[in-house]
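Asker: Predicted model and sequence follow; I will ask about them next.
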Amino acid sequence: MADGDTRPSLLLRIRDSHDVDSWRLFVEIYAPLIYRSCRRRGLQDADAADVGQEVLAQVARSIRSFEYQSDRGRFRDWLGSVVRSKAARFLEKSGRTIGVGGSDGPHRVEDQGGAGADPIWVAEFQAHVLAAALERVRPGFEPQTWTAFERVWKEGRPALETAGALGMSIDSVYLAKSRILRRLREEVVLLAEDFPLSSAAPGECST
């Protein structure tokens, strides 16, 4: 399927245990985020990798019953709670403590974000997914188009200044921003389903 086509979100596709490619993509996108969060919570390298595997296994078990309901929170909050509790349980077993506690209960997806979102995790999640989405869509655009987008959207430079610096018309700069943002929105929905992405610069995105 072409990149511009409408695709089911990754979170829905991994419900199918036979969809190996979608699960591989999920691991590729989310395993580094989970690992870094475990390290931030005090786990050593090998331990963070092991706990990360436990988190992924929990996702694989729970995601089959996944049905996104905005009134029950976001997938990112549920995933954050699983990371938090798995890391806490590991540290408890090893005789250490963690700043943010948690239990090692059944972790149903329908319990999304029940204890409230961890703001550090939310920031990590959004930055990571946005970076992954940017990397995935970048090859689909010409270098000049991408540079115009980065200057106007990521760096917040004026469109007129960007047009002059790149030898483009101002309409072309606005079109570059619009095209890439549209494609970026499709990609973040694919990767995270409920990721909040606005036309503002990244630092102005809502949580």
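Answerer: Thanks, I have it.

Asker: From the centroid of the chain, which residue is nearest?
Answerer: residue 129 (2.8 Å; C-alpha atoms, centre = their mean).

Asker: how about it, phi and psi?
Answerer: phi -70, psi -40 (degrees, to the nearest 10).

Asker: For it, give its distance to residue 74.
Answerer: 11 Å (C-beta to C-beta, to the nearest Å). The C-beta positions use only the backbone N, C-alpha and C, and glycine is treated the same way.

Asker: Domain ranges for this structure, per the record?
Answerer: 1-117, 135-207 (automatic domain parsing).

Asker: Which of these has the lowest mean pLDDT?
Answerer: Lowest mean pLDDT of the domains of the chain: domain 1-117, a mean of 78.

Asker: Can you work out which other helices and strands pack against the helix or strand encompassing residue 51?
Answerer: Element membership for residue 51 (DSSP states H and E) is helix 45-62. Here helix 45-62 touches helix 20-40, helix 75-93, going by 3 or more C-beta pairs under 8 Å, 6 or more residues apart in numbering; DSSP states H and E.

Asker: May I see the buried residues of the last one?
Answerer: If I follow you right, that is helix 75-93. For helix 75-93, the neighbour count (16 or more other C-beta atoms under 10 Å) marks 75-91 as buried.

Asker: Distance to residue 124 added to the domains of the chain, as JSON lines?
Answerer: Converted to JSON lines, these look like this (distance: least, C-beta to C-beta, whole Å):
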{"stretch": "domain 1-117", "distance to residue 124": "6"}
{"stretch": "domain 135-207", "distance to residue 124": "12"}
